[in-house]
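Student: 3D, please:
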Amino acid sequence: MGMAATLAMHLRGMPEIEYEVLRKVSEYYFSIPSMAIKEIIVTLAEIEYVKVNKKGSTILSIIPQVPRFKDLYEGVGNYFTFSELNEHEQGTLAILAALQKKPENVDRIKSKIGLDYSVFNRCVEIGNFGNYFKTFRAREKNIIASPFYFADNLDGLVDMSAKSGAEDIAVVLDIIKKNQGWPLSIIQSQLELGGKKLTNTQSQILLQLCQEGILKPPSINFRDKSETFVFTPRPGNSRLDVSQREIYERAMALVSCVRKGQLLAEQFRIWSPLSILTALRDRGYIGSNSEAANQYKNLAFLKVGYLEKTNVGNRHRFVLNKTEENRDALELAINLLKTGDLAGMDIKKDAQIALSKDDKYIQSIISASDLKKKQLMPIASEANEQFQQLILGLDA
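Tutor: Numbering: from 1, shown residues only. The predicted structure is shown next:
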């Protein structure tokens, strides 16, 4: 189910793809075994996400037709029912669901899910191997967490959970998700986030999450003042591809800059950050004002756009650099304000490029990767000494 959803996500909007290219890209980028790809294609064909071109029983190519505005996980999920999964698959999904918002005590999660002891241990063992579960011993407690959802300082998050309890951490992260990019100075001074009051304990937890590098909130300079903006934890590397990290950073900067105008305006306040970013997406610029040069200079530094001086006083407008990366960052920023989710960050751009090329292209990528993995055979110390003597003799 996971493989089918991953592949469907990357096929959306793609042209016809040769089967051999699809097979090699799937194995190289998504770790989908060649023996599984045909079954996945059959699944996607049955839910009408792809059309298959065959010659006899041989698959020649596929034509993606993944719906652009439909939740593809829903489509794939409806094909598979939970009852069709085996006990270990059901257990793994249940554990992952429980760890989405916080680490958890092993005994508590085991009791809550109600799995057989041996099945639970086997699920955790497989999850540790696959790097989507990780078990810890913290403050004399057995804790399990998921690197899939938390990328930075997982050890620190686990220690906080063992010390302060995971429930308050989950509450804090949920509030942040609903109010992405809120200035830390306002949270500290008002003990609230988006109108939601925090307890002293929750406020201390939020501050510690920042100090421990679990949240890693970006700090942006505005004239002679620096402000920190709070976002939910960065997702694990299995979700946030290397090629997407710059997009993620630009999206946070976009949200931070409009939050600054909303909550820390010098004179003219932004009433709807979402409307500002939507206008930037739709018309390509943000209307001029006297605070733009200060408010958006960081976006210019990140090459998201540039400041354009107008003929009216000292006013500037911010104009978007219309690159694919900036469009993606803007869509992500809009989604962060709308839902708090990092939608679309699972997409591997390199994989989509490979899917659009011919077999020679993906074969060259694989060959280059294999070459890097090959290591020179270590030279035995005696042979190395003889080699050095030979070189010295040649020099003489």
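Student: how many neighbours does the closest residue to Asp341 other than its chain neighbours have?
Tutor: Excluding its sequence neighbours, the residue lying closest to Asp341 (CB to CB, 6 or more residues apart in numbering) is Asn335, at 6.1 Å. The C-beta positions use only the backbone N, C-alpha and C, and glycine is treated the same way. Using other CB atoms under 10 Å, Asn335 has 17 other residues around it.
Student: Check for me that Asn335 belongs to a strand.
Tutor: No: using DSSP: H, G, I helix; E, B strand; the rest coil, the secondary structure at Asn335 is helix, not a strand.
Student: can you list the domain ranges for the protein.
Tutor: Dividing the chain into domains by automatic domain parsing, as the record does, gives the ranges 2-80, 87-149, 165-234, 241-363.
Student: can I get those domains in TSV with distance to Leu157?
Tutor: Compiled in TSV, the domains of the chain are given as follows (distance: least, CB to CB, whole Å):
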stretch	distance to Leu157
domain 2-80	24
domain 87-149	6
domain 165-234	5
domain 241-363	18
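Student: closest to Ser369 out of the ones you listed?
Tutor: Proximity to Ser369, assessed across those by CB to CB, is greatest for domain 2-80 (7.5 Å).
Student: what residue ranges in the chain are flagged as low confidence?
Tutor: For the chain, the stretches flagged by pLDDT under 70 are 68-84, 236-243, 343-347, 371-396.
Student: hang on, the residue nearest to Asp341 packs against Arg281?
Tutor: No: no contact is recorded between Asn335 and Arg281 when judged using CB atoms under 8 Å, the distance being 11.3 Å.
Student: what about the helices in the stretch 51-200 of the chain?
Tutor: Along the stretch 51-200 of the chain, the stretches classed as helices by DSSP state H, counting those that start in this stretch are 72-79, 87-98, 106-113, 117-130, 154-164, 166-178, 184-190, 200-211.
Student: among these, which is nearest Ile17?
Tutor: Among the helices of the stretch 51-200 of the chain, the nearest to Ile17 by CB to CB is helix 72-79 (16.7 Å).
Student: re earlier: nearest to Gly156, out of the domains of the chain?
Tutor: Comparing the domains of the chain under CB to CB, the one sitting nearest is domain 165-234, at 4.1 Å.
Student: Can you show me the strands along the stretch 151-300 of the chain?
Tutor: If you assign secondary structure with DSSP state E, counting those that start in this stretch, the strands in the stretch 151-300 of the chain sit at 182-183, 192-193, 196-197, 219-222, 225-230, 285-289.
Student: Redo those strands as CSV? Include distance to Leu355.
Tutor: Compiled in CSV, the strands of the stretch 151-300 of the chain are given as follows (distance: least, CB to CB, whole Å):
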stretch, distance to Leu355
strand 182-183, 38
strand 192-193, 41
strand 196-197, 43
strand 219-222, 36
strand 225-230, 36
strand 285-289, 33
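Student: Single out the most deeply packed of these.
Tutor: Burial among those, expressed as mean neighbours by mean count of other CB atoms under 10 Å, is greatest for strand 182-183, which shows a mean of 23.
Student: Which residues does it contact?
Tutor: The contact list for strand 182-183, computed with CB atoms under 8 Å, 6 or more residues apart in numbering, reads Ile176, Leu193, Gly194, Glu227, Thr228, Phe229, Val230, Arg259, Lys260, Leu263, Leu264.
Student: again, 10 Å this time
Tutor: Taking contacts as CB atoms under 10 Å, 6 or more residues apart in numbering, the residues outside strand 182-183 that touch it are 175-176, 189, 192-194, 206, 217, 220, 227-231, 255-256, 259-260, 262-264.
Student: Tell me the strands beside that strand, with direction?
Tutor: In its sheet, strand 182-183 lies beside strand 225-230 (antiparallel), with partners assigned from DSSP bridges.
Student: Tell me which of the helices of the stretch 51-200 of the chain sits nearest to Ile270.
Tutor: With respect to Ile270, and counting by CB to CB, the nearest of the helices of the stretch 51-200 of the chain is helix 184-190 at 14.6 Å.
Student: Extract the C-alpha trace of stretch 269-276 and format it as CSV.
Tutor: Extracted C-alpha coordinates of stretch 269-276, given in CSV (Å, rounded to 0.1, in the frame of the first residue of the first chain):
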residue,chain,number,x,y,z
ARG,A,269,-0.7,45.7,10.0
ILE,A,270,-1.4,42.8,7.7
TRP,A,271,-4.8,41.5,8.4
SER,A,272,-4.7,38.3,6.4
PRO,A,273,-1.2,36.6,5.8
LEU,A,274,-2.9,34.0,3.7
SER,A,275,-4.4,36.6,1.4
ILE,A,276,-1.0,38.2,0.9
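Student: And that stretch, what's buried?
Tutor: Of the residues in stretch 269-276, Ile270, Pro273, Leu274, Ile276 count as buried by neighbour count, 16 or more other CB atoms under 10 Å.
Student: list the contacts for Ile186?
Tutor: Applying CB under 10 Å, 6+ apart to Ile186 gives the contacts Glu192, Leu193, Gly194, Glu227, Val230, Arg259, Leu263, Leu264.
Student: would TSV of the buried residues of stretch 269-276 with distance to Ala36 be doable?
Tutor: Output for the buried residues of stretch 269-276, formatted as TSV (distance: CB to CB, whole Å):
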residue	distance to Ala36
Ile270	49
Pro273	44
Leu274	41
Ile276	45
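Student: Among those residues, which pair sits farthest apart?
Tutor: So, these by CB to CB: farthest apart are Ile270 and Leu274, at 9.9 Å.
Student: Now for the two: what residues contact both?
Tutor: Applying CB under 10 Å, 6+ apart, one finds that Ile270 and Leu274 are jointly contacted by Val258, Gln262.
Student: of all the domains of the chain, which lies closest to Val158?
Tutor: In this view, the domains of the chain are compared for proximity to Val158 by CB to CB, and domain 87-149 is the closest at 4.6 Å.
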